[in-house]
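In: Build me a structure from this.
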Amino acid sequence: MYSYIKGELVKITDDMIVVENNGIGYEIICPFALSSKLGHIGTDVCVWLYQSVREDDISLYGFSEPEQKDMFLLLITVSGIGPKVAHSICSQLSPDKFALAVMGSDVKALTGVKGLGKKGAERIVLELKDKLKNIGNVSDSLSAAGIASGDGIASVPSSSLAADAVEALIVLGYKQADAANAVSSVYEDGIDLQSLIRASLKTLAR
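Out: Residues are numbered from 1 along each chain as shown. Below you'll find the model as predicted:
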């Protein structure tokens, strides 16, 4: 199983790229929405990979950031969601926006993705929100990580925002303790929820 590949970007199309490494060109499925973030032809790039193996096909799916790959791996655990649809979702929705759509049961935002119908979107929301049913007290995790109303770091409303960010990360497949620590490390006064989720994801991806 491949994790990532580093090499020269030698070809870009609307839905595919070729990366050359040690004289071998690797053809990678990667929509322009993702490949445009990698760089220009002739530059050295790092592409995160998922290898799909079927009886009649072996394909590599590419991602410009590790958190996109993590989101993809989560999506293919949802019943009825295959690599192609999961990759399409990753190319059209950033992880932070996707998490907010799931938490808010925003089926409309998900069905805006090409190849994803209403039933599939509803299934994603249902199965991923189930993760929140099995978690403990998020406020306790945040207190342990350094965000609580009485510790001089954050007020009660801020703790509520942080708790929402932790829940979003849990929806994306991260453990509660890891999510709480990530949110605690990047939280600052005045930050909005989407920015907090995005910054926390960057921390978790390191």
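In: could you pull out the helices for the protein?
Out: Under the criterion DSSP state H, the chain carries helices at the ranges 32-35, 66-75, 83-92, 95-103, 107-111, 118-129, 138-145, 156-171, 176-186, 193-205.
In: Need the per-residue pLDDT for Lys133.
Out: Lys133 carries a pLDDT value of 63.
In: do Val156 as well
Out: For Val156, pLDDT reads 35.
In: and the longest strand seen in the chain, which strands flank it?
Out: Assignment by DSSP state E gives strand 44-54 as the longest strand of the chain. Applying DSSP bridges, strand 44-54 is found paired with strand 4-12 (antiparallel), strand 57-63 (antiparallel).
In: how far does that strand sit from the chain's center?
Out: Strand 44-54 sits 15 Å away from the centroid of its parent chain (Cα atoms, centre = their mean, to the nearest Å).
In: okay, the helices of the chain in JSON lines with distance to Asp14 and mean neighbour count next?
Out: From N, CA and C alone the C-beta is placed, and that goes for glycine too. Shown next, in JSON lines, are these (distance: least, Cβ to Cβ, whole Å; neighbours: other Cβ atoms under 10 Å):
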{"stretch": "helix 32-35", "distance to Asp14": "5", "mean neighbour count": "20"}
{"stretch": "helix 66-75", "distance to Asp14": "18", "mean neighbour count": "20"}
{"stretch": "helix 83-92", "distance to Asp14": "11", "mean neighbour count": "21"}
{"stretch": "helix 95-103", "distance to Asp14": "22", "mean neighbour count": "22"}
{"stretch": "helix 107-111", "distance to Asp14": "22", "mean neighbour count": "16"}
{"stretch": "helix 118-129", "distance to Asp14": "23", "mean neighbour count": "17"}
{"stretch": "helix 138-145", "distance to Asp14": "41", "mean neighbour count": "19"}
{"stretch": "helix 156-171", "distance to Asp14": "30", "mean neighbour count": "21"}
{"stretch": "helix 176-186", "distance to Asp14": "34", "mean neighbour count": "21"}
{"stretch": "helix 193-205", "distance to Asp14": "26", "mean neighbour count": "20"}
